[in-house]
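K.L.:
Structure, please.
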Amino acid sequence: IGQLQRTGMPSHLFAERSKLAVLEERFRDKGEGANLAVSLANLAMDFPLEVAERMPYLWLREDATAVQAVLGQLRPDNLLVTLVAKGLPTDQVERYFGARYSYSEDTGAAWSALAGVPGVAAIRLPLPNPYVPTQTTVRPIEPARLIDEPTLRLYYAQDTEFQRPLLAHVLRVRLPRSVASVRNAALLRFYDACVKESLNETTYAAGEAGLHFEFSASLEGVHRGIDGYDASAPLLLDKVLAGLRDCPLSAERFAALKDRLLRELAGFDRADAYKALQETRHRVVREFHYRPDDVLPVARQLTLAQVQ
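P.N.:
Model (predicted):
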């Protein structure tokens, strides 16, 4: 907040949001049926009917004064903190619902600690997003020959029916039966989590620019999907492929990730009954499947080098 107050909102952020809003309004599916009706009704309650439908997409001009006014309200003496837990002391009863609660204002050590928080050098404002599409021209159809044999010629051509500069790029690698062991099931579970963790910053920035990434790894195979604006998809694909191969994680991040995964596996015996039933059903109907309690003993021994 202090950085924003001192330097102001970077102009590239408004330009990116404005450009993406124009693209979303023009190309994205707006939904249908009851959900669309409810969203439009909610907008109509808050905005004039003439512009209500377009409000999510209207980025008309930068307003530094308005930004500073909002930032000026984000201060410790204007903070309301709600704590919900069992066993808390209460001294009041809500009038309509009868809920017990208490209210207090603190100006002591806790408030002073919030008021005097030092700056953190590692926290910085976002740089320009490289995944915001630079052009949205729909390309002409360009068939590519994939197979040319005496008995078969196979071509690929992109879809042009909907006239949108969007793509869906999906790749699935099927694994041979010979790797279907409990150890490889554990390794694949860790590999899935490590890839998502190592690519989190990259895929978050891409998601902000309308480019979405999906990944999963199990004995069923390795699935990778990218969908969004095709102009920036190759850049994300290059970043993602490097992460799939190298899985770059520090030892500290892997240790934290392993701790979380082990706690999830160990908590299986206390999970909801339907989850245990699902896992048992998968083991019955699938050729190869290992429940979390099967994977846990192996998972405890895994290292980052083995996952990589």
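
K.L.:
centre of the chain versus stretch 24-34, how much separation?
P.N.:
Relative to its chain's centre, stretch 24-34 lies at 20 Å (CA atoms, centre = their mean, to the nearest Å).

K.L.:
did I read that right, Lys30 in a helix?
P.N.:
No - read with DSSP: H, G, I helix; E, B strand; the rest coil, Lys30 is coil and lies in no helix.

K.L.:
in the helix or strand hosting Ala266, what counts as buried?
P.N.:
Assigning secondary structure by DSSP states H and E places Ala266 in helix 251-266. Neighbour-count burial for helix 251-266 flags Phe254, Leu257, Lys258, Leu261, Leu265 (criterion: 16 or more other CB atoms under 10 Å). In short, each C-beta sits where N, CA and C put it, glycine included.

K.L.:
which phi and psi does the residue lying closest to Ala266 once chain neighbours are set aside have?
P.N.:
For Ala266, ignoring the flanking residues on the chain, the nearest one in space by CB to CB, 6 or more residues apart in numbering is Leu296 at 6.1 Å. Main-chain torsions, Leu296, degrees, to the nearest 10: phi -50, psi -50.

K.L.:
Also the one 3 residues further on?
P.N.:
Phi and psi for Ala299, reported as degrees, to the nearest 10, are phi -60, psi -30.

K.L.:
Neighbours of the closest residue to Phe254 other than its chain neighbours, how many?
P.N.:
Using CB to CB, 6+ apart and skipping the chain neighbours, the partner closest in space to Phe254 is Leu304 (4.3 Å). Neighbour count of Leu304, defined by other CB atoms under 10 Å: 17.

K.L.:
Would you agree Leu304 is in contact with Ala256?
P.N.:
No - the pair Leu304 / Ala256 is not scored as a contact, 11.6 Å apart, by CB atoms under 8 Å.

K.L.:
how about the buried residues of helix 251-266 in CSV, adding distance to Leu188 and pLDDT?
P.N.:
Listed next are these as CSV, based on distance: CB to CB, whole Å; pLDDT from 0 to 100:
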residue, distance to Leu188, pLDDT
Phe254, 16, 93
Leu257, 14, 93
Lys258, 15, 94
Leu261, 12, 94
Leu265, 13, 92
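
K.L.:
in what helix or strand does Ser104 lie?
P.N.:
Counting by DSSP H and E, Ser104 is part of no helix or strand.

K.L.:
Distance of it relative to Ser232?
P.N.:
50 Å (CB to CB, to the nearest Å).

K.L.:
Looking at these two, which is more packed in?
P.N.:
Comparing Ser104 with Ser232 by other CB under 10 Å, the one with more neighbours is Ser232, at 21 against 5.

K.L.:
three-state assignment of the residue lying closest to the more buried one once chain neighbours are set aside?
P.N.:
Leaving aside its chain neighbours, Ser232 sits nearest to Tyr131 (4.5 Å; criterion: CB to CB, 6+ apart). Following three-state DSSP, Tyr131 is assigned to coil.

K.L.:
ok, Tyr131 - contacts?
P.N.:
Ala205, Ala206, Glu208, Ala209, Leu211, Ser232, Leu235, Leu236 (CB atoms under 8 Å, 6 or more residues apart in numbering).

K.L.:
what about 6 Å?
P.N.:
Applying CB atoms under 6 Å, 6 or more residues apart in numbering to Tyr131 gives the contacts Ala205, Ala206, Ala209, Leu211, Ser232.

K.L.:
Could I have the ChimeraX command that selects the buried members from those?
P.N.:
A single ChimeraX command is used to select the members of the contacts of Tyr131 judged buried by 16+ other CB under 10 Å:
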select :205,206,209,211,232
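
K.L.:
Tell me the one among the contacts of Tyr131 nearest to Ser250.
P.N.:
Ala205 (20.0 Å; CB to CB).

K.L.:
List the residues that contact the closest one.
P.N.:
By CB under 6 Å, 6+ apart, the neighbours of Ala205 are Asn129, Tyr131.

K.L.:
Arg291 reaches Glu279, doesn't it?
P.N.:
Yes - with contact defined as CB atoms under 6 Å, Arg291 reaches Glu279; the gap is 4.5 Å.

K.L.:
Check which strands are paired with whichever strand or helix holds Asp227 and give the direction for each one.
P.N.:
Element membership of Asp227 [criterion: DSSP H and E] is strand 221-229. Partner strands and pairing direction for strand 221-229 (DSSP bridges) are strand 166-173 (antiparallel), strand 212-218 (antiparallel).

K.L.:
and these, which one's lowest on average pLDDT?
P.N.:
Lowest mean pLDDT of those: strand 166-173, a mean of 89.

K.L.:
what about that strand, distance to the chain center?
P.N.:
So, by CA atoms, centre = their mean, the centroid of strand 166-173 is 18 Å from its chain's centroid.
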